[in-house]
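K.L.:
Sequence and predicted model, in that order:
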Amino acid sequence: MRVFLSLLTIIIGGFAVFWLLTQPQTLDASQISSDAGDPIAGRIIFFAGGCASCHATLGQDDATHLGGGLGLKTPFGTFNVPNISPSKSDGIGNWSMIEFANALKRGVSPEGSHYYPSFPYTSYQRMTLKDVADLKAFMDTLQPVASNVADHDLPFPFTVRRGLGLWKQLYLDKRSFVADPNASDKINRGAYLVNSLGHCSECHTPRNLIGGPDDSRFLSGGPNPEGEGRIPNITPHPDGIGSWSETDIAYSLESGFTPDFDSFGGSMAAVQKNMAQLSASDREAIAAYLKSIPALANAE
Amino acid sequence: MRALILAGTLILGGAFTAQAEDAAKLRQDMMGTVGAATGMSAAMVKGEAPFDARVAVLALRAMNATASGFGHMFPEGSETGHDTEAKDTIWSDRAGFEAAVEKFRTDTAAAIASPPADLDSFKVAFGTVTKNCGACHQVYRVKKN
């Protein structure tokens, strides 16, 4: 009997610890300004953040038509990308500003459940709240899209969303971007774009077995998280883009052309279409930042 | 001129006699020709080189020559080897791939048929033709190295 009670206590205690550790952590309402966001600024944020690359309706060219449906194949299963148009029935038309901010910066849904990190909130967490507000203002102007996207197709135990709370303890530090006082405004702007909106690290930094980024290998590339092939090293190392000038990098984001006029392929072609919508100075800022980060060799 | 003859020989020779093991290398060389043509074109478009209508047409012809032979360069058995970045969708979605190659061929052919006489019209032609690069690479190419 005592053994049974001890076991029961341990099990209940363990569950309680799990429950506490995996609690969704959300922003405080006092952090959200009541000022309306700027939809014109929001359009740039939309493209810098690359929302369309995942969320735009398949088989059509309008980046602002956000019916979802793309299936992202990963080692953890297939994630079916949701509708984020302003549709009140099928999209996020009913979301308040704090709900939108919690999705982006905390990876938490309005119902209080964790999002999977295939939604790159580990990068978006670094966004400023002003950018969040501007983005929402822009997205609220878009066309509501009717669509029925299936749930994610994942094997057990990845179906247990609550468990993501443990993953977040490791990989969601909830810190916003902090400018480096010793770096130029240009490099800081590039650092902000790359680390938050651009979410470049989500593909270009290799991941460990549980899908967490290995930040000691920041932007040095690795196996494609979507399965086939490799993601390039974009650090200033010879294994990466060390031979590229700042101008080369900025031009490649504008045009898709590498210094020897190869053309970006795979997912990077879609990313480049978004980068082409930014200002030249934002692309130059990204380039300047990429020339300033530690040069890392390829892992293997 | 020599580059064009060389490109033409490679393409004709490649298209008619491509062995699976040679196909990957030949098609990479063909795309290298497209890269060189694109680079020269971009230099003119960006104002880094003076516009020359003969160079513009040469570049378009080099792209068109590659596009005309490219579909023949992916026989069964050439899916791997030679660090190929050809994605398996080329074989599983053959119709889509051939349509993409054909679009590149017709876009370049149209530009050759109305050759750009000045920089402004070349910029338009360059824009149209180079949309094919990303569109095809996004679906049919995968980095493997």
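P.N.:
Arrived safely, thanks for sending.

K.L.:
contacts and neighbour counts: CA atoms only from here.
P.N.:
Fine.

K.L.:
I'd say residue A:248 and residue A:260 touch.
P.N.:
No: the criterion here is Cα atoms under 8 Å, and residue A:248 misses it with residue A:260 at 9.8 Å.

K.L.:
If you count surrounding residues, which of those two has more?
P.N.:
residue A:248 (18 against 12; other Cα atoms under 10 Å in any protein chain shown).

K.L.:
Can you pull out the low-pLDDT segments for chain B?
P.N.:
Within chain B, the stretches with pLDDT under 70 are B:12-21, B:145.

K.L.:
Would you mind identifying the next helix or strand past the helix ranked longest in it?
P.N.:
Longest helix of chain B, by residue count under DSSP state H: helix B:20-45. For helix B:20-45, the following helix or strand on the C-terminal side (DSSP states H and E) is helix B:53-70.

K.L.:
Residue B:97: neighbour count?
P.N.:
Using other Cα under 10 Å, residue B:97 has 18 other residues around it.

K.L.:
roughly how far apart are it and chain A?
P.N.:
14 Å (Cα to the nearest Cα, to the nearest Å).

K.L.:
again with residue B:114
P.N.:
From residue B:114 to chain A the distance is 24 Å (Cα to the nearest Cα).

K.L.:
can you tell me which residues contact residue 137?
P.N.:
Going with chain A. A:36, A:37, A:38, A:39, A:42 (Cα atoms under 8 Å, 6 or more residues apart in numbering or on different chains).

K.L.:
my bad, the chain I had in mind was chain B
P.N.:
Going by Cα under 8 Å, 6+ apart, the list of residues near residue B:137 reads A:263, A:264, A:265, A:266, A:269.

K.L.:
Tabulate those residues (CSV), appending distance to residue A:224, neighbour count and secondary structure.
P.N.:
Shown next, in CSV, are those (distance: Cα to Cα, whole Å; neighbours: other Cα atoms under 10 Å in any protein chain shown; DSSP: H, G, I helix; E, B strand; the rest coil):
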residue, distance to residue A:224, neighbour count, secondary structure
A:263, 18, 23, strand
A:264, 15, 26, coil
A:265, 13, 23, coil
A:266, 10, 20, helix
A:269, 15, 24, helix
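
K.L.:
Tell me how many other residues crowd the residue in the stretch 101-250 of chain A positioned nearest to chain B.
P.N.:
Closest residue of the stretch 101-250 of chain A to chain B, Cα to the nearest Cα: residue A:229 (4.5 Å). Residue A:229 has 18 neighbouring residues, counting by other Cα under 10 Å.

K.L.:
likewise the one 4 residues further on?
P.N.:
For residue A:233, the number of neighbouring residues by other Cα under 10 Å comes to 26.

K.L.:
part of a strand, is it?
P.N.:
No: read with DSSP: H, G, I helix; E, B strand; the rest coil, residue A:233 is coil and lies in no strand.

K.L.:
Contacts only, for it.
P.N.:
Each residue near residue A:233 by Cα under 8 Å, 6+ apart is listed here: A:204, A:219, A:220, A:221, A:222, A:239, A:240, A:241, A:298.

K.L.:
Give me the helices and strands touching the longest helix along chain A, please.
P.N.:
Of all segments of type helix in chain A, defined using DSSP H, the longest is helix A:2-21. Secondary-structure packing of helix A:2-21 (3 or more Cα pairs under 8 Å, 6 or more residues apart in numbering or on different chains; DSSP states H and E): helix A:164-171.

K.L.:
Sort out which residues of the helix it packs on are buried, please.
P.N.:
Neighbour counts over helix A:164-171 (16 or more other Cα atoms under 10 Å in any protein chain shown) mark A:164, A:165, A:166, A:167, A:168 as buried.

K.L.:
what's the third one in contact with, if anything?
P.N.:
The one in question is residue A:166. A:21, A:22.

K.L.:
How about the residues of the stretch 101-250 of chain A by chain B?
P.N.:
Residues of the stretch 101-250 of chain A lying close to chain B by Cα under 8 Å from any Cα of the partner chain are A:228, A:229, A:230, A:231, A:232.

K.L.:
could you redo the last one with a cut-off of 7 Å?
P.N.:
A:229, A:230, A:231 (Cα under 7 Å from any Cα of the partner chain).
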